[in-house]
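S.K.: requesting a structural model of the entry that follows:
(2 chains)
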Amino acid sequence: MICRVQRIRETLRASLSSASQRDDAPWFRYLGLVLATTAVAFVWTVILPWVALQPQMANHLQELEKQGIDGGAMFYTELEAMEPILHKLESSPR
Amino acid sequence: MASADLPPPRRPGLLVDMRTLEDWWAIWCAAILLIVSFAAVWLARPADLREQLASGEKVKVSNPLKAYLSKPIEWNTNPLEAFYKPAIMEETTDKEVGNVVEVDEGRGDVATEGAPTGDRPKENDGAAAEIAVEAIEIEPAVNTLPGILGVYIVISLLFAFAIQMRGQSGWKFMEAFPVVFVLATVAYAMSTQSVVNAYNLEYALWALLLGLIISNTIGTPQFLRPAMLTEFYIKTGLVLLGAEVLMNRLLALGLPGVFVAWVVTPIVLISTYIFGQKVLKMESRSLNMVIAADMSVCGVSAAIATAAACKAKKEELSLAIGMSLSFTVLMMVVMPAIIKLVGMDEVLGGAWLGGTIDSTGAVAAAGAALGDRALEVAATVKMIQNILIGVTAFGVAVYWVTCVERDPSGAKPSLMEIWYRFPKFVLGFIFASILFSVLHATLVGGPEVIDSVIGGSTKTFRGWFFCLAFVSIGLETNFRELLPHLKGGKPLLLYVCGQTLNLLLTLFMAWLMFRVIFRDMIDSALP
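M.R.: Residues are numbered from 1 along each chain as shown, chains lettered A, B, ... in the order given. So this is what the prediction gives:
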């Protein structure tokens, strides 16, 4: 019984080490890079442009542009819509 | 010999620190950019600025540097339009010839269809050549490549000089920097795709992704290391951000805005941090603090500032930002729907959105979904919260050096020790904020001049510095390093519990301030 457990352990160790060797092989790493880059390029050149052209999304994007809203703004200074709001608030009576 | 008998370690003098420390060089680099930008705008201001302002005219102060500094712009279907967008033309046929005016808009490739056949005079049928066509440029072509090149040249020269002055090789930095900059440019272009941009999936995420793809496949080449200056980019970007934190805008919405943004936010931040330490028993205090800050203050920018103030690990910052952006997308879609469903008042809904959704762009987009008043309140509450970044970074830095990094024996550190440990770039951040707030309030045409300095140049640099920092983080990170932080789902639980408290407390405070105590004032300010 003990021998059997040891044999299983050794087999597992050997298979794990071959897997890590395969991971370290240069061709495997370059394949990973090519696949990941292709996936990113596919999403940004095919899927996202298609989504942007769907009527509901196109309307939403147009509406945001019209209102000067940059959805990706990290800080208020990146928001075009902030300028008229501040102007209005600063000139309003308190 | 007992450790208590050991003489205190000799510290280098302040002048030596100022010449060699990264924190000080971040301040010097940002100061150079701020001074040059301010000088350019100040010298180019209209000579009769005072008279123009006195006559009540709308004054525009231009920034001469703006044309030489840019970033990729928004694009819809063609990624190349992030760098070059052809002019938008409007084509009209000549009315005098008797044809019906036909207008078509499009970038560059203008269609030349005629008017409906029924309306067209018989003699003109099929005679397209007789129709006088005039193409008017309604929006000029935009070419961002020279501006991107300008940013590249300025940052590479400035940083190479700083690195050389700190006793390292500026040349090695210049050899590696083009690759890191190209990756940052691609990440920026990915973030400006219209759908990605609309859902607030900021460049930080894509810069991380690109870096991670390289580091986890072929591995980061050694020659890139001299340009992977995560902390230097972040600290320089943060000092530049300080100039955008204008304290005089704190009272834009009067007391109600201050109560929602400056009373609820610190309560949520501190409660979440204590909850993480005492209840969840988070292994990393810095991860706990960064998540608490990005969830309660204002997302990515607060996470960057807090992480730098508490010296958090790069993978902790990545994790906090990833969670913040995921929840931001969810909240910007779900919250307006809930507000509409329950029939909540537009002003109250706007204040609730502004106080809870992490990111500024997402707040504006969600507010706009409710209406103009909601947009105004939401964006202004968020702006007031944005201003809290400086106080948060300063408070966290003080807490860290006095309490968290305390001597293991429990002894209270001396003032000199606190000064030595204190992240000096925070001082640059606070100083830039105070100086620009004073200039904004006291200069002739201060708001116009400062807005031009920020909008035309320093904001662009700040964005690039953060983008470069996230590319560097990605290049330095192995996926395996992220896994231990996800153990037990504690960060996620911390975020969810903290955000729940934030949602409840902000709603209560917004209702009390905007709809009960200051209702009349708000309704007259935002009719």
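S.K.: in chain B, where is pLDDT below threshold?
M.R.: Confidence mapping of chain B against pLDDT under 70 gives the ranges B:1-10, B:93-133, B:407-408, B:410.
S.K.: show me what from the stretch 401-527 of chain B comes close to chain A.
M.R.: With CB under 8 Å from any CB of the partner chain as the criterion, the stretch 401-527 of chain B meets chain A at residues B:Asp451, B:Ile454, B:Gly455, B:Lys459, B:Gly463, B:Phe466, B:Met521, B:Ser524, B:Ala525, B:Leu526. C-betas here are computed from N, CA, C, even on glycine.
S.K.: would you agree the fourth one is in contact with B:Glu244?
M.R.: To tie it back to what came earlier, the one meant is B:Lys459. Yes: counting by CB atoms under 8 Å, B:Glu244 is a contact partner of B:Lys459 at 6.7 Å.
S.K.: so what sits against both of the two?
M.R.: The contact sets of B:Lys459 and B:Glu244 overlap at A:Phe75, A:Thr77 (CB atoms under 8 Å, 6 or more residues apart in numbering or on different chains).
S.K.: near A:Glu63, how many other residues are there?
M.R.: 14 (other CB atoms under 10 Å in any protein chain shown).
S.K.: what helix or strand is the closest residue to it other than its chain neighbours on?
M.R.: With sequence-adjacent residues excluded and distances taken as CB to CB, 6 or more residues apart in numbering or on different chains, A:Glu63 is closest to B:Ala368, at 7.3 Å. Using DSSP states H and E, B:Ala368 sits within helix B:360-370.
S.K.: enumerate every residue touching the residue most central in space within chain A.
M.R.: Centroid-nearest residue in chain A: A:Val40, 8.4 Å away (criterion: CA atoms, centre = their mean). Going by CB under 8 Å, 6+ apart, A:Val40 touches B:Met190, B:Leu209, B:Leu210, B:Ile213.
S.K.: okay, and which of these map to helices?
M.R.: B:Met190, B:Leu209, B:Leu210, B:Ile213 (DSSP state H).
S.K.: pretty sure the last one is touching A:Thr37, no?
M.R.: Yes: distance between B:Ile213 and A:Thr37: 6.9 Å, which falls inside the contact criterion (CB under 8 Å).
S.K.: these two: which is more packed in?
M.R.: B:Ile213 (20 against 14).
S.K.: now the more buried one: closest residue in space, sequence neighbours ignored.
M.R.: Of all residues not flanking B:Ile213 in the chain, A:Ala36 sits nearest, at 4.6 Å (CB to CB, 6+ apart).
S.K.: B:Glu244 now?
M.R.: Nearest to B:Glu244 is A:Thr77, by CB to CB, 6+ apart, at 4.6 Å.
S.K.: which element is the spatially most central residue of chain B on?
M.R.: Nearest to the mean C-alpha position of chain B, by CA atoms, centre = their mean, lies B:Ser301 at 5.6 Å. B:Ser301 is part of helix B:300-309, with elements assigned from DSSP H and E.
S.K.: please apply the same query to B:Glu90.
M.R.: Using DSSP H and E, B:Glu90 sits within strand B:88-93.
S.K.: which other helices and strands contact that strand?
M.R.: Other elements packing on strand B:88-93 under the criterion 3 or more CB pairs under 8 Å, 6 or more residues apart in numbering or on different chains; DSSP states H and E are strand B:104-107, strand B:133-139.
S.K.: that strand vs strand B:133-139, what angle?
M.R.: Going by axes from the mean of the first three to the mean of the last three CA atoms, to 10 degrees, strand B:88-93 is angled at 150 degrees with respect to strand B:133-139.
S.K.: how about B:Asp520, what does it touch?
M.R.: With contacts defined as CB under 8 Å, 6+ apart, B:Asp520 has no neighbours.
S.K.: and the helix or strand hosting it, what's buried?
M.R.: Here B:Asp520, judged by DSSP H and E, is contained in helix B:519-525. Across helix B:519-525, burial judged by 16 or more other CB atoms under 10 Å in any protein chain shown covers B:Met521, B:Ile522, B:Ala525.
S.K.: again, but for stretch B:432-446
M.R.: B:Ala432, B:Ser433, B:Phe436, B:Ser437, B:Leu439, B:His440, B:Gly445, B:Gly446.
S.K.: same check on stretch B:283-296?
M.R.: So stretch B:283-296, judged by 16+ other CB under 10 Å, has buried residues B:284-296.
S.K.: then stretch B:413-424?
M.R.: B:Pro413, B:Glu417, B:Phe422, B:Pro423, B:Lys424.
S.K.: of the residues you listed, which is the nearest to B:Glu316?
M.R.: B:Pro423 (15.9 Å; CB to CB).
S.K.: okay, and the closest residue to B:Phe425 other than its chain neighbours sits in which element?
M.R.: Leaving aside its sequence neighbours, B:Phe425 sits nearest to B:Lys235 (CB to CB, 6+ apart; 4.0 Å). Here B:Lys235 is covered by helix B:230-242, with elements defined by DSSP H and E.
S.K.: I'd like the distance from that helix to the chain centre, please.
M.R.: In terms of CA atoms, centre = their mean, to the nearest Å, the gap separating the centre of helix B:230-242 from the centre of its chain is 11 Å.
S.K.: could you dump the helix or strand following that helix to PDB, C-alpha only?
M.R.: Next in sequence after helix B:230-242, counting helices and strands by DSSP H and E, comes helix B:254-258. Output in PDB follows, covering the C-alpha atoms of helix B:254-258 (Å, rounded to 0.1, in the frame of the first residue of the first chain):
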ATOM      1  CA  GLY B 254     -22.400  75.300  -0.500                       C
ATOM      2  CA  LEU B 255     -22.700  73.300   2.700                       C
ATOM      3  CA  PRO B 256     -24.800  70.400   1.300                       C
ATOM      4  CA  GLY B 257     -22.000  69.500  -1.100                       C
ATOM      5  CA  VAL B 258     -19.500  69.700   1.700                       C
END
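S.K.: quick one: check helix B:254-258 for contact with chain A.
M.R.: Yes: residues of helix B:254-258 contacting chain A under CB under 8 Å from any CB: B:Gly254.
S.K.: residue 87: neighbour count?
M.R.: All of this refers to chain A. Neighbours around A:His87, by other CB under 10 Å: 12.
S.K.: not quite, I wanted chain B
M.R.: Neighbours of B:Ala87 under the rule other CB under 10 Å: 13.
S.K.: ok, so what distance separates it from B:Gly350?
M.R.: Plainly put, B:Ala87 is 37 Å away from B:Gly350 if you go by CB to CB, to the nearest Å.
S.K.: again with B:Arg406
M.R.: 43 Å.
S.K.: run through the bridge partners of B:Glu134.
M.R.: B:Thr92 (DSSP bridges).
S.K.: so it is in contact with B:Thr92, correct?
M.R.: Yes: the pair B:Glu134 / B:Thr92 is scored as a contact, 5.4 Å apart, by CB under 8 Å.
S.K.: okay, these two: which has more neighbours?
M.R.: Higher neighbour count among B:Glu134 and B:Thr92: B:Thr92, with 15 against 9, using other CB under 10 Å.
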